[in-house]
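S.K.: how would this look folded up:
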Amino acid sequence: MDMSQYHNLFITETREHLSKLSALVLELESDPEDRTTVDALFRSVHSVKGMAASMGFDTAATLAHKLEDLMDRIRKGLPIDSELFDLLLAGEAALSKIVNDIEKGGSGNLDTEELLQRVVNYGSEAPLEAAPIKPIEFTQPIEPPQLESQPAPFEKEPLQQQSIKIKTSVMDRLLDTTGELITVKHRLMSLAKASHNLDFSDALRSLEKQLRALHDQVMAVRLMPLSVVTERFPRMVRDIARKSGKEVSFSIKGGEIELDRSILDLIGDPLSHLLRNSVDHGIETTDERVASGKNATGRVGISVSREKDQVELRIDDDGRGMTPQKIFEAAIAKGFISRERSSDLTDDEKLLLICHPGFSTSETVTDISGRGVGMDVVKTAIQSMGGTLAIISEAGAGSSFRLRIPLTVAIINVLLVKEGKLTLAIPLTVVERTLALKQDDIATVNDREFLFLADETLPIVKLANIMNLKISTAANETVQFFISELKGERTAVQVDGLLGNQEVFVKPLSRPLSSLHGINGATVLGSGEVVFIIDILNKF
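M.R.: Just a heads-up that it's a prediction; the model follows:
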């Protein structure tokens, strides 16, 4: 039988089982008396063994078989100690390497001899003779792996619908097609407006309704829970803590919140950097914590919440925290900032100096962190997806890193504004409201302009100045603004004109335009005009 057709399915299904296996090991470590977890571990390695054997990957099948034997011995009463958890995680890591090798076109026949001997010898009073372990021969036919059918959520009759796996390339093309259709829709709406044809306009309204439904369905298919990314973090935090000689408890809240797959592809590395820094730099050693009156075990956690079309991720720890002034002094010593600017920086801005490329206050460099590259990577990645980063920290009380990111970066709603002859797009997620005022409503104090909104005084900045645009415009009696929060302060951003809201399809920029700071992409309007998407939060 030609098994090549099942190759990709084997990769996907095996990785799912290995991910589950890793999570189960951590559950067992927290509660070694839980027999149901032992049974679940047995089933996981049994499934991996069966799939590997059916595909003819003997090295993976043999290792999984020995792990299965080990779990069977545990089920029958073999005592558990800390070595077991390290051994099972080492087995999962080895199987993952084998799967990666197979995915790249290799045979998967990696060297696992030493690990096999450790698995076989576990629980023995004296090490067994290290004789070569032969691959297990599976003589009985094993059916190839099958697609798992799952009931649709909230479906009263689950057997009537099935879920299937879809290639990510297909979903990407489907989203691109939907985006292009939205662009065509805007073009047709421009023609309809010029033609004054009522029938044409009615047909377009119907088309717009159907496109909205299509877009919602496409996005529903692309949305995936954040747990797809975070499920590997408990294992990672455990390994870093053990390597650092620290005791750390880790928690995740809100992992079920869904984001677009393109966002999930980008968010994994920043979260990984932040967690590594929290464990390696943030959490103190056990002796330090006890001496300062803290619990011996440090706490690190991720909490996720959703507000409209944005998601906030918080990475909190109860470690040593950071001192803004110490960070500022380190930045001065490294030549990143002059002391004269000290009076202009708030404590929050001083904390953000750790995101400067090459910044690090760590006195030692380890293979975990301390090279001064992590926070730079975090900030760059968050900005690339149109998000923001804030840091809150108190010396001795821990740190909180807060990331705000959009649900998707492909099809978004924007405010179109005019600056001279240029049309620019501002994501609606950063626009609080728009307004127009008379020139007489603007006050000037110490060469700065302000406007009065209800009981609040808002500073005014010009979008042209933010974008370094050399544009001369005629003075008008009416001045137009949109309100946004810039550097933690509600600000009135002045523009030449407000053109209204529109849903647009964002296209990434290629070099050299992709290197322009403050521009997140471009879109094409119905008129054919190319418009840049402005990242005003990170440009200001």
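S.K.: For residue 261, which residues are in contact?
M.R.: By Cβ atoms under 8 Å, 6 or more residues apart in numbering, the residues touching residue 261 are 168, 171, 222-224. Any C-beta I mention is one placed from the backbone N, CA and C, and that applies to glycine too.
S.K.: Now do the phi/psi pair for it.
M.R.: In terms of degrees, to the nearest 10, the main-chain angles of residue 261 are phi -60, psi -30.
S.K.: buried ones in stretch 30-48?
M.R.: By neighbour count on 16 or more other Cβ atoms under 10 Å, the buried set for stretch 30-48 is 32, 37-38, 40-42, 44-48.
S.K.: what do you get for stretch 210-221?
M.R.: So stretch 210-221, judged by 16+ other Cβ under 10 Å, has buried residues 211, 215, 218-219.
S.K.: ok, so of these, who is nearest residue 11?
M.R.: residue 218 (25.2 Å; Cβ to Cβ).
S.K.: check contacts around the closest one.
M.R.: Counting by Cβ under 8 Å, 6+ apart, residue 218 has contacts 171, 174-175, 178.
S.K.: In these, which residue is surrounded by the most others?
M.R.: Using other Cβ atoms under 10 Å as the neighbour test, the contacts of residue 218 are led by residue 175, with 22 neighbours.
S.K.: My read is that it contacts residue 222, right?
M.R.: Yes - with contact defined as Cβ atoms under 8 Å, residue 175 reaches residue 222; the gap is 6.5 Å.
S.K.: re the thing from before, tell me which two of the contacts of residue 218 sit farthest apart.
M.R.: 171 and 178 (10.6 Å).
S.K.: if we can go back for a sec, closest to residue 328 among the buried residues of stretch 30-48?
M.R.: Checking the buried residues of stretch 30-48 one by one against residue 328 (Cβ to Cβ), the nearest turns out to be residue 32, at 47.3 Å.
S.K.: what kind of secondary structure is the closest residue to that closest one other than its chain neighbours in?
M.R.: Once flanking residues are discounted, residue 32 sits nearest to residue 80: 4.8 Å by Cβ to Cβ, 6 or more residues apart in numbering. Using DSSP: H, G, I helix; E, B strand; the rest coil, the secondary structure recorded for residue 80 is coil.
S.K.: repeat for residue 73
M.R.: Put simply, residue 73 is helix when judged by three-state DSSP.
S.K.: From residue 94, how far off is it?
M.R.: As defined by Cβ to Cβ, to the nearest Å, residue 73 lies at a distance of 19 Å from residue 94.
S.K.: Counting neighbours, go ahead and name the busier of those two.
M.R.: Comparing residue 73 with residue 94 by neighbour count (other Cβ under 10 Å), the higher total belongs to residue 94, at 21 against 12.
S.K.: Just the element for the more buried one, please.
M.R.: helix 82-103 (DSSP states H and E).
S.K.: Next, the residue nearest to residue 32: phi, psi?
M.R.: Per degrees, to the nearest 10, the backbone of residue 80 is at phi -100, psi 140.
S.K.: swap in residue 512?
M.R.: phi -90, psi -10.
S.K.: give the contact list for it.
M.R.: For residue 512, counting by Cβ under 8 Å, 6+ apart, there are no contacting residues.
S.K.: repeat for residue 410
M.R.: Residues near residue 410 by Cβ under 8 Å, 6+ apart: 175, 179, 260, 262, 505-506.
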